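> Generate a structure from the sequence data that follows.
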Amino acid sequence: MKKLFGLTVVLALVAAPAFANVFEADFEAETVGTPFTPSASGWTSAWDDNTSIVAPGLGGSAQAVRHSSDGTEYGGFELMSPVWTNTFGMISADLKITSDDCLYQFVPSGTDYYNTRINFNPDGSIEVAQVNAAGDAFEFIATGATFPEAMEFNFAVEVLANGTLTAYLNGSPIFTGLDTTFALEGAADGIEQVLIFSDNYSYGTLDMDNVVMTPEPATLALLAIGGVVAIRRRR
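Now for the predicted structure:
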């Protein structure tokens with residue numbers, strides 16, 4: 001019986017229907033050069049002149065989008081994706097960060113709150129924002145993980161319907177905590193947008209490519225086979 005049950009599970013995973021990704025962006029249809037024209041794909045930027053399409057891309061693709069920090073110390077959301085249908089699951093992207101004392105953030109967002117904010121610090125360390133005890137601000141928690149300077153890596157954040165939030169570096173979990181809405185209201189919110197923040201404190205670049213939002217059922221199947229700032233979102 002145990003062998004039969006195990007076989008049934010395996011067959012169920014193999015035969016599971018394919019779930020379409022909710023959102024994908026590889027920037028292949030964009031024109032190489034400066035500035036990046038967000039209107040062509042629905043992406044927007046606080047300062048268009050700081051963004052460009054570069055070649056080659058990441059993960060073997062032809063081209064990627066790049067933000068170049070200008071050292072003005074005027075921070076902002078440098079890249080903002082289109083809004084898709086609010087979905088529980090995993091948002092992932094290939095990234096490459098070359099930084100000279102510049103902070104970048106990877107920010108998945110739900111309807112009313114950012115799900116979290118991920119710090120990619122100048123020293124290579126990675127921190128994940130969680131709601132503090134007072135429930136009025138984020139505090140950044142050290143993950144103990146580091147990203148490779150000036151080298152490609154894959155980063156992902158998963159938000160499940162039970163409120164669990166997990167961050168992944170190159171497919172390996174580096175942090176597990178709570179989605180912001182779940183921490184504040186007891187009910188999780190899915191992901192409907194991803195944003196890139198830069199403090200523009202110094203000079204540096206962030207390349208991004210192969211942005212994919214995978215819904216929760218597909219995320220769970222892939223895993224089964226191994227495969228202090230204000231927190232209310234501004235509209």
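> average pLDDT for whichever strand or helix holds residue 69?
Using DSSP states H and E, residue 69 falls within strand 64-70. Taken as a whole, strand 64-70 has an average pLDDT of 90.
> do the same with stretch 160-179
On average, stretch 160-179 scores 97.
> Also stretch 79-90?
Mean pLDDT, computed over stretch 79-90, is 95.
> for stretch 21-33, same thing?
Average pLDDT, stretch 21-33: 91.
> likewise stretch 127-137?
The pLDDT scores in stretch 127-137 average 94.
> List the buried residues in that stretch.
Neighbour counts over stretch 127-137 (16 or more other C-beta atoms under 10 Å) mark 127-131 as buried. Every residue, glycine included, has its C-beta placed from N, CA and C.
> can you check stretch 77-85 too?
Using 16+ other C-beta under 10 Å as the test for burial, stretch 77-85 gives 77-81, 84.
> about what we covered before: quick check: next helix or strand after the strand holding residue 69?
Using DSSP H and E, the helix or strand that follows strand 64-70 in sequence is strand 76-80.
> C-terminal to that next one, what's the next element?
Later in the chain than strand 76-80, the nearest helix or strand by DSSP H and E is strand 89-100.
> how far off strand 89-100 does the following helix or strand past that next one point, in degrees?
Sequence order places strand 104-109 as the next helix or strand after strand 89-100, per DSSP H and E. On the basis of axes from the mean of the first three to the mean of the last three C-alpha atoms, to 10 degrees, strand 104-109 is oriented at 160 degrees to strand 89-100.
> now residue 214, which residues is it bridged with?
Beta-bridge partners recorded for residue 214 (DSSP bridges): residue 90.
> Next, count neighbours for it.
Per other C-beta atoms under 10 Å, the neighbour tally for residue 214 reads 22.
> Surely it and residue 93 touch.
No. Taking C-beta atoms under 8 Å as the definition, residue 214 is not a contact partner of residue 93, at 11.8 Å.
> So what's the residue count around residue 60?
A total of 10 residues lie near residue 60 under the criterion other C-beta under 10 Å.
> my bad, residue 141
Around residue 141 there are 15 other residues, counting by other C-beta under 10 Å.
> Let me know the secondary structure of it.
Recorded secondary structure, residue 141: strand (DSSP: H, G, I helix; E, B strand; the rest coil).
> Surely it is in contact with residue 131?
No. Contact criterion C-beta under 8 Å: residue 141 and residue 131 do not qualify, at 10.8 Å.
> In three-state terms, how would residue 62 be classified?
Counting by three-state DSSP, the backbone at residue 62 sits in coil.
> Just checking the distance from stretch 79-89 to the centre of its chain.
10 Å (C-alpha atoms, centre = their mean, to the nearest Å).
> Now do the end-to-end distance for that stretch.
End-to-end distance for stretch 79-89, by C-alpha to C-alpha, to the nearest Å: 21 Å.
> same question, stretch 184-191
Counting by C-alpha to C-alpha, the terminal residues of stretch 184-191 are separated by 16 Å.
> And the strands in this structure, which stretches?
For the chain, the strands defined by DSSP state E occupy 23-25, 51-54, 64-70, 76-80, 89-100, 104-109, 118-120, 125-131, 138-146, 152-159, 164-169, 172-178, 193-198, 203-215.
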